[in-house]
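Engineer: model the following, please.
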Amino acid sequence: PVVTSIYFCVISFSTIGFGDVVPKTQIMRLFMVFFLPVGVACFGEMLSRFAAIYVERKNRSARKKFLRRSVTLCDLDSMDADGDGEVTREEFVFFMLVALQKVTEEDLEELRQVFHSLDVDDSGTINKIDLVMMAKKRKVEDEEIREVLGDVDYGTMGSSSEEEQSTDGLTRRNPANRHELCVS
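Structural biologist: Next up, the predicted model:
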């Protein structure tokens, strides 16, 4: 009886359904109407998790193999994004992220554009000067918008009790919340 029950569940949940073992009573048939869909869903979820584990192990193995292999001249040419004959740390990291399928080229290009928009003085770094220049630029843009729209009370949009506006135009976070991402 136990082996037959297990056999029936596996055959039914896997949707094979040979039909050689079936519920005999009316109450068991009614029970199976509700039990089988749940069982099929659970069985399918279990199989997908086993498959995901298998695929993840294969991917991890392929990643390790890729990282252990030696770098070729062809790899260096592929990594050298600016064509200067040398591979910088940034070029190496970007190449490896794309090669390991952690990000796409489009993701990297979007991040480069965001960095470029934040690097107001085109110094190649983002610093306080960039933030001050950006704040001044926004202030001028806001004033131009106000001139066009007239006096509109914008209230305290974007400000919170955890932020403090300083005289240099920078918004400073409360030091107690320094691990939060500052996005405005």
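
Engineer: neighbours of the residue lying closest to Val98 once chain neighbours are set aside, just the number please.
Structural biologist: Once flanking residues are discounted, Val98 sits nearest to Glu105: 6.0 Å by Cβ to Cβ, 6 or more residues apart in numbering. Any C-beta I mention is one placed from the backbone N, CA and C, and that applies to glycine too. Other residues near Glu105 come to 10 when the count uses other Cβ atoms under 10 Å.

Engineer: same question, Tyr54
Structural biologist: Applying other Cβ under 10 Å, we find 10 residues neighbouring Tyr54.

Engineer: low-confidence regions, the chain specifically.
Structural biologist: Where the chain drops to pLDDT under 70, the residues are 151-184.

Engineer: quick one, strands of it?
Structural biologist: 163-165, 171-173 (DSSP state E).

Engineer: how far does the longest helix seen in the chain sit from its chain's centre?
Structural biologist: Ordering each helix of the chain by length in residues (DSSP state H) puts helix 26-68 first. From the chain centre to the centre of helix 26-68 is a distance of 23 Å (Cα atoms, centre = their mean, to the nearest Å).

Engineer: just checking, what packs against it?
Structural biologist: Using 3 or more Cβ pairs under 8 Å, 6 or more residues apart in numbering; DSSP states H and E, the elements in contact with helix 26-68 are helix 2-13.

Engineer: straight-line length of stretch 71-84, end to end?
Structural biologist: Taking Cα to Cα, to the nearest Å as the measure, stretch 71-84 stretches 18 Å from start to finish.

Engineer: do stretch 75-86 as well
Structural biologist: End-to-end distance for stretch 75-86, by Cα to Cα: 12 Å.

Engineer: give the buried residues for that stretch.
Structural biologist: Applying a neighbour-count criterion of 16 or more other Cβ atoms under 10 Å, one finds Asp75, Met79, Asp80 buried in stretch 75-86.

Engineer: got CSV for the residues you listed, with distance to Asp121 too?
Structural biologist: Converted to CSV, those look like this (distance: Cβ to Cβ, whole Å):
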residue, distance to Asp121
Asp75, 35
Met79, 29
Asp80, 27
